[in-house]
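Peer 1: could you look at this predicted model? Sequence included:
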Amino acid sequence: MLNATIARVREDELPKLRAWLASLGERRDELGESYRRQGTRHELFFLVRARGQPLLVLISELDDVEQASSAFLRSDFPLDVEFKTLFQQVSPELADVELLYDSSAYVPAARGLTPLEEPDGD
């Protein structure tokens, strides 16, 4: 399942964010363990620049969004603690986000079904 997190980012904190994300290449074992604990398959981080504060857009592919979020928030794994601390420093607030469209509500393939299958109860 895909999940998006969007947050405003302080311009003066961008170098710190970039450096920490770049350091993950040297911490693959820790990152893999963090992902395993949360059920994370893949993450993408984007910096969106528009008028006003830059936005950090985090796209995650997760086994279960609620489980992953809960596991991350409870985690005392050092890499997760570092990221939570960093995120509080660089992002003063989450952005207001409105989901306008989710294809999984309309397209069976988006829910992991083949076009000939239908979910139970639909």
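Peer 2: Sure thing, it's come through.

Peer 1: please make it C-alpha for all contacts and neighbour counts, starting now.
Peer 2: Fine.

Peer 1: quick one: the helices in the protein?
Peer 2: 14-23, 28-38, 65-74, 78-90 (DSSP state H).

Peer 1: residues in contact with the last one?
Peer 2: Spelled out, it's helix 78-90. Contacts to helix 78-90, defined as C-alpha atoms under 8 Å, 6 or more residues apart in numbering, come from residues 9, 10, 13, 14, 17, 30, 31, 34, 72, 75.

Peer 1: go again using 6 Å as the cut-off
Peer 2: 9, 10, 13 (C-alpha atoms under 6 Å, 6 or more residues apart in numbering).

Peer 1: to residue 50, which of the helices of the chain lies closest?
Peer 2: helix 14-23 (14.8 Å; C-alpha to C-alpha).

Peer 1: list the contacts of the lowest-mean-pLDDT helix or strand in the chain.
Peer 2: Every helix and strand in the chain was compared by mean pLDDT, DSSP states H and E; the lowest is strand 93-94, with a mean of 77. Strand 93-94 has contacts (C-alpha under 6 Å, 6+ apart) with 7, 8.

Peer 1: centre of the chain to that strand, how far?
Peer 2: When distances are taken as C-alpha atoms, centre = their mean, to the nearest Å, strand 93-94 is centred 14 Å away from the chain's centroid.

Peer 1: picking that back up, export the helices of the chain as JSON lines, with columns for mean neighbour count, mean pLDDT and distance to residue 58.
Peer 2: Converted to JSON lines, the helices of the chain look like this (neighbours: other C-alpha atoms under 10 Å; pLDDT from 0 to 100; distance: least, C-alpha to C-alpha, whole Å):
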{"stretch": "helix 14-23", "mean neighbour count": "13", "mean pLDDT": "97", "distance to residue 58": "12"}
{"stretch": "helix 28-38", "mean neighbour count": "15", "mean pLDDT": "96", "distance to residue 58": "14"}
{"stretch": "helix 65-74", "mean neighbour count": "14", "mean pLDDT": "95", "distance to residue 58": "13"}
{"stretch": "helix 78-90", "mean neighbour count": "15", "mean pLDDT": "95", "distance to residue 58": "12"}
